[in-house]
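Student: Quick one: sequence and predicted model below, then my questions.
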4 protein chains.
Amino acid sequence: MTAAAPPRRTGPVRSEGVRLAILEATARQFAARGYDHLTIEGIAAEAAVGKQTIYRWWGSKSALVAECLVEGMLLPHRLAPPDTGDIRADLTAWVDAVLTLLAEPQGETLLRSIIAAAAENADIGRRIRESLAGSESIVGRLEASIGTAPNLTPGAPFEELSETLVGAIVLRALSRAPREPGDAARIVAAVLGPA
Amino acid sequence: MTAAAPPRRTGPVRSEGVRLAILEATARQFAARGYDHLTIEGIAAEAAVGKQTIYRWWGSKSALVAECLVEGMLLPHRLAPPDTGDIRADLTAWVDAVLTLLAEPQGETLLRSIIAAAAENADIGRRIRESLAGSESIVGRLEASIGTAPNLTPGAPFEELSETLVGAIVLRALSRAPREPGDAARIVAAVLGPA
Amino acid sequence: MTAAAPPRRTGPVRSEGVRLAILEATARQFAARGYDHLTIEGIAAEAAVGKQTIYRWWGSKSALVAECLVEGMLLPHRLAPPDTGDIRADLTAWVDAVLTLLAEPQGETLLRSIIAAAAENADIGRRIRESLAGSESIVGRLEASIGTAPNLTPGAPFEELSETLVGAIVLRALSRAPREPGDAARIVAAVLGPA
Amino acid sequence: MTAAAPPRRTGPVRSEGVRLAILEATARQFAARGYDHLTIEGIAAEAAVGKQTIYRWWGSKSALVAECLVEGMLLPHRLAPPDTGDIRADLTAWVDAVLTLLAEPQGETLLRSIIAAAAENADIGRRIRESLAGSESIVGRLEASIGTAPNLTPGAPFEELSETLVGAIVLRALSRAPREPGDAARIVAAVLGPA
DNA sequence: AACTAAGCGAGACGGTACGTCAAGTCTTAGG
DNA sequence: CCTAAGACTTGACGTACCGTCTCGCTTAGTT
């Protein structure tokens, strides 16, 4: 007498190649057309995949985008602030880089699309905060720089400082404020206090 | 020498009642269902209006929403900070009020919908900044309070301070950060400097 | 006791120029685009006339077309059979002329449009019969030619003979039968009997 | 050397049930409301089918009607002439039956709608001729009856004789001529020659 | 001459249907 | 049993015209 058979596991297993093809197609379409104007059918066609294969593994367009984000397929990776030891200079350089990205059409589309996706999907919202303000990047840097700027005192609200910095950039993206010289420095000054 | 006659204007004139009915229907649907899930057909039906009448005067869903915003039909008007003379207390109360609004489901839908609309439509983006950070509300208040907080020095970047404040709130809305006691105070502290 | 006064008749009187402009625009559009694809708005625009002016005087698209027909603005006037005294030759020439008209694209559109209009509007139906088979043209000619063809006997059903002739042409127009040499002669032979 | 593989054909196949539901709905609406006043949306609703499913397979309203016609869903099948051996009696009975059908409101709608459809769509035009004057019905009968009527001589234009007969009926339908006793006999006499 | 009525151009309005797009579900066949 | 293909229902899109309804002229009779 044999033990009950375990649930027989036959047939092919999920194809990693297919998964990647879908995510890459999503990323391409996302960058090219923005979050709205993404279509499942377009992604399926570009990935040479059946629609059902997408629906089987992701529940919605935004889940797809969220996974792209997690995989780092949407944002250029150069977006971490440099680390020269001078927190003000580092943040200023970083803000400036982001504002520069924002000044290019495809960068603008990209950032605003991520914002739109975040507005629609809670997961993406949570992820964007982690990915932009994650402890390894900004909050941690601020904590490590106590004493080097007026606002960086022991017990300062580092989380919130980080949020104001990123928030100011998000607001810029939304409001389409024209870029002006010194913007990055002024934003950093607003967060760290006067130089 | 006479001026050229303006093109003779005959025929019925645009109906203000219809215009208002459409905007009100838009505002109701916007609050009830969010920016995506707005449909022109739904608005037309609720306003008891032909679709063409909407398309005649507005080119897109977002233009409709933008006009609603300008007319003040989307945001509760209580959203201006109080003015007791104590800038820190005033801003804290205001931030707290906004976070409270954000904690209610319909308030959250409303704010995130506005963000989504702004991400899609440049006009709305510009308007949201004016309406949230307009000189009469926050920037002006900061300038009028020079000397009462560490960051409010002569020559401080008041515009950017205002942006960081509003941006932090926008980021909160996007990231769905759970609300915690003292949030408002910490955000204001991040902007104004330590108490 | 006097009769009630008739409704006082003041104001400008119906403009004949406007009436003609509308009918001409109708005829042009009818020939150019066919009966379906006629639009009141298109006619109004082409005639530089308000829509209401059309609706004031005609109740429907088909009434408009019917009046065009009555005014002879739709059919080329050359469509009466010649009269050389030889009924068979005359009818054959006439049928041939109509089939020739039918072989040109605009002639085909025209005839089929009239058929479509007749199918929709009783007035037009009646008119088409009068205008194509009116006593002055075919029935009369048949009656006047008694004895010159096998079927033209005293007491023959001249009305019906005329109908079969015209009907065969209508059927040709509907069925898009390709034209072949001798068609006209055969049709006439079918109606008049063998030569 | 092998032939190129044909494009692999997978996926669900066209649903015959859906096709029939659409054609039946079309036939019902056609009979009930006439050719104009047919709407794709109405058919889709009655067939409980998406509009897109109709547009996927038929390019136009008239293509739909043409297919109905081919499937024999529009015309009552009793419309073939009887066959007693007496061609004059048979045709007279048939014409009489058609004129009777034409005297009922729904029969009139039906016939005129088919004419309207034929005027708009070439396929329908061709089909109506085949279906009304197909060789198995009238032309063949005439040929088989050579010698039994004045016009039925060897070498007579049987095609055209058939056309004049059917054409006369079509013209009747278009012209709304009131029906009178003896009409059928006179029409047949016009075609076959005097009795 | 002032005072009515139309007639008329223009065009806003509530609707209906159009033909298209994409969504998400379901079905078939190949591997 | 995963997958590509794609048929299916649903629902919204934006457009074209419909027929009705004001508007603000202009014009032709009264009074």
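Tutor: Sure, I can see it.
Student: near DNA strand F, which residues of chain A show up?
Tutor: Counting by C-beta under 7 Å from any atom of the strand, the residues of chain A close to DNA strand F are A:10-15, A:18, A:48-53, A:56-57. (Glycine included, C-beta is placed from N, CA and C.)
Student: Now the buried members of the residues you listed.
Tutor: When these are checked for burial by 16 or more other C-beta atoms under 10 Å in any protein chain shown, the buried set is A:Val18, A:Val49, A:Thr53.
Student: Could you tell me the model confidence score at the residue in chain A that chain D sits nearest to?
Tutor: Taking C-beta to the nearest C-beta, chain D has its nearest neighbour within chain A at A:Gly50, 8.9 Å off. At A:Gly50, the model reports a pLDDT of 93.
Student: distance of A:Lys51 from DNA strand E?
Tutor: 5 Å (C-beta to the nearest atom of the strand, to the nearest Å).
Student: how about that residue, what does it touch?
Tutor: A:Ile40, A:Glu41, A:Ala44 (C-beta atoms under 8 Å, 6 or more residues apart in numbering or on different chains).
Student: May I have the phi/psi pair for the last one?
Tutor: In terms of degrees, to the nearest 10, the main-chain angles of A:Ala44 are phi -60, psi -40.
Student: State the distance from the closest residue to it other than its chain neighbours to A:Glu130.
Tutor: The shortest distance from A:Ala44 to any non-neighbouring residue, by C-beta to C-beta, 6 or more residues apart in numbering or on different chains, is to A:Lys51 (4.7 Å). Going from A:Lys51 to A:Glu130 by C-beta to C-beta, to the nearest Å gives 30 Å.
Student: coming back round to it: the residue of chain A closest to chain D and A:Glu71, how far apart?
Tutor: 22 Å.
Student: after the helix or strand of chain A with the lowest mean pLDDT comes which helix or strand?
Tutor: Within chain A, no helix or strand scores below helix A:122-133, which has a mean of 75 by mean pLDDT, DSSP states H and E. Next along the chain after helix A:122-133, taking DSSP states H and E as the criterion, comes helix A:140-144.
Student: Counting by contacts, list what that following helix packs against.
Tutor: helix A:87-103, helix A:158-175 (3 or more C-beta pairs under 8 Å, 6 or more residues apart in numbering or on different chains; DSSP states H and E).
Student: buried ones in it?
Tutor: A:Arg141, A:Leu142, A:Glu143.
Student: Low-confidence bits of chain A, can you list those?
Tutor: Applying pLDDT under 70 to chain A flags residues A:1-12, A:77-78, A:129, A:131-136.
Student: Report whether stretch A:56-76 contacts DNA strand E.
Tutor: Yes: judged by C-beta under 7 Å from any atom of the strand, stretch A:56-76 and DNA strand E are in contact via A:Ser60, A:Lys61.
Student: Spit out the contact partners of A:Ala185.
Tutor: Contacts of A:Ala185 by C-beta under 8 Å, 6+ apart are A:Thr92.
Student: Now it: which helix or strand?
Tutor: helix A:183-192.
Student: how far does that helix sit from the chain's center?
Tutor: Centroid separation for helix A:183-192 versus its chain: 22 Å, with C-alpha atoms, centre = their mean, to the nearest Å.
Student: Go through it and flag the buried ones.
Tutor: A:Asp183, A:Ala184, A:Ala185, A:Arg186, A:Ile187, A:Val188, A:Ala189, A:Ala190, A:Val191, A:Leu192.
Student: Roughly how far does the fourth one sit from DNA strand E?
Tutor: If you measure A:Arg186 against DNA strand E using C-beta to the nearest atom of the strand, the figure is 41 Å.
Student: got a list of what that residue touches?
Tutor: The contact partners of A:Arg186, taken as C-beta under 8 Å, 6+ apart, are B:Pro157, B:Glu159, B:Glu160.
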